[in-house]
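Visitor: requesting a structural model of the entry that follows:
(4 chains)
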There are 2 protein chains.
Amino acid sequence: MIQADKFMEDKGVRPTAMRLLVFRFLAESKTAKTLSDIENAFAKADRTTLYRTLKTFEDKAIVHQIDDGTGMTKYALCEEGCNCAIEQDLHLHFHCNNCKETVCLTAHKIPHINLPDGYVAEDANLVLKGICDKCSGQ
Amino acid sequence: MIQADKFMEDKGVRPTAMRLLVFRFLAESKTAKTLSDIENAFAKADRTTLYRTLKTFEDKAIVHQIDDGTGMTKYALCEEGCNCAIEQDLHLHFHCNNCKETVCLTAHKIPHINLPDGYVAEDANLVLKGICDKCSGQ
DNA sequence: ACAATAAATGCACTTCTGTTGCATGATTCC
DNA sequence: GGAATCATGCAACAGAAGTGCATTTATTGT
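Guide: Numbering: from 1, shown residues only, chains lettered A, B, ... in the order given. Sure thing, here's the model as predicted:
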């Protein structure tokens, strides 16, 4: 992992203490996290600050939002080379019905779909649900 | 369209006045509707009643929920032969960024995805976003 | 270094959707 | 007709998302 503060400055985000903590928390997470997850991870954190921190991160293509159908938006770090900034990085997400965690499957892109005449796709969201590798005992 | 009340009785749902209205409203809709949409369509309707009506419809496989990423769950009638009751009917949904409407593309099934070892898919949700046929002027 | 400016943070509050409890009204069954 | 069951409506709550504003912290220019 590169230096977090240098990385953030390169992205045009001031590396404050809180932001570095959030960044590192997400970096160490293997799964996508909700705002509440992050809030609970730091006892003294204010929800609004975290909310705006994540929004800033999103604007600067440091994290991307994930809507896995649980009703709570989750956040995950963009991978090296994730081009969320320019266009949507159309990898799919997997939500485990057992451990309730959601992971990015960055290697798996959403396949192209032939739409009826007149429909123009600009974005896509594919969420698979089932049992993840850890829960399937493999 | 078959008789709505007979259809509902076959499904095991008592065809009350409100339910028939909701059913007909959804039947006449080309797009998926939110609870608020339905609420606004009938001035004197109570939100709770509509909420439970939709829940009942869902249990009896008359409608299915759609999560198009807008944050509001939408509802659409199940098609003839839609097997939501037995298993998920994995058709995809299209959300228009222009008119904000969401439609079922029942003819388009979600393609099979090869997952990494240990992952077992049980369900899937694919939402494409862009411009619909009406808004693209075709 | 110091003032002026800009950015980040924290608190309070609002809004909106989804949801449940409970009392009342309508329907079915015997 | 009366009991039981189901549907409805009102009120209230929960949780997440979002906004406004004041305060603190950092940056800039001189």
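
Visitor: phi, psi of the closest residue to residue A:13 other than its chain neighbours?
Guide: Excluding the flanking residues, the one nearest residue A:13 by C-beta to C-beta, 6 or more residues apart in numbering or on different chains is residue A:60, at 5.2 Å. No exception for glycine: its C-beta is placed from N, CA and C like everyone else's. With angles defined as degrees, to the nearest 10, residue A:60 sits at phi -90, psi 10.

Visitor: measure residue A:60 to DNA strand C for me?
Guide: From residue A:60 over to DNA strand C the distance is 10 Å, taken as C-beta to the nearest atom of the strand, to the nearest Å.

Visitor: check that residue and give its pLDDT.
Guide: Residue A:60 carries a pLDDT value of 93.

Visitor: how deep is it tucked in, by neighbour count?
Guide: Residues near residue A:60, counting by other C-beta atoms under 10 Å in any protein chain shown, number 16.

Visitor: that one touches residue A:12, doesn't it?
Guide: Yes - using C-beta atoms under 8 Å, residue A:60 is in contact with residue A:12, at 5.6 Å.

Visitor: what are the boundaries of the helices in chain A?
Guide: Per DSSP state H, chain A carries helices over the ranges A:4-10, A:17-28, A:35-41, A:47-59.

Visitor: and the third one, does that touch DNA strand D?
Guide: Yes - with C-beta under 7 Å from any atom of the strand as the measure, helix A:35-41 is seen reaching DNA strand D through A:35-36.

Visitor: now do that helix: which elements does it pack against?
Guide: helix A:17-28, helix A:47-59 (3 or more C-beta pairs under 8 Å, 6 or more residues apart in numbering or on different chains; DSSP states H and E).

Visitor: show me what contacts residue A:4?
Guide: A:15, A:20, A:23-24, A:27 (C-beta atoms under 8 Å, 6 or more residues apart in numbering or on different chains).

Visitor: can you do 6 Å?
Guide: Applying C-beta atoms under 6 Å, 6 or more residues apart in numbering or on different chains, we find residue A:4 in contact with A:20, A:23.

Visitor: distance check, it against DNA strand C.
Guide: For residue A:4, the distance to DNA strand C - C-beta to the nearest atom of the strand - is 14 Å.

Visitor: do the same with residue A:128
Guide: For residue A:128 relative to DNA strand C (C-beta to the nearest atom of the strand), the value is 21 Å.

Visitor: the longest strand anywhere in chain A close to chain B?
Guide: Longest strand in chain A by number of residues (criterion: DSSP state E): strand A:120-131. Yes - under the criterion of C-beta under 6 Å from any C-beta of the partner chain, chain B is reached by strand A:120-131 at A:120-131.

Visitor: show me what contacts the residue in chain A that DNA strand D sits nearest to?
Guide: Nearest to DNA strand D in chain A, going by C-beta to the nearest atom of the strand, is residue A:73, at a distance of 3.7 Å. Applying C-beta under 6 Å, 6+ apart to residue A:73 gives the contacts residue A:65.

Visitor: what does it show for phi and psi?
Guide: phi -70, psi 140.

Visitor: quick check: closest non-adjacent residue to the most centrally placed residue in chain A.
Guide: The residue lying closest to the centre of chain A (C-alpha atoms, centre = their mean) is residue A:76, at 2.2 Å. Once flanking residues are discounted, residue A:76 sits nearest to residue A:32: 4.2 Å by C-beta to C-beta, 6+ apart.

Visitor: and that neighbour, what pLDDT?
Guide: 97.

Visitor: just give the number of residues close to it.
Guide: Neighbours around residue A:32, by other C-beta under 10 Å: 24.

Visitor: repeat for residue A:27
Guide: Neighbours of residue A:27 (other C-beta under 10 Å): 11.

Visitor: now do stretch A:8-21: everything it contacts.
Guide: A:4-5, A:53, A:56, A:60, A:62.
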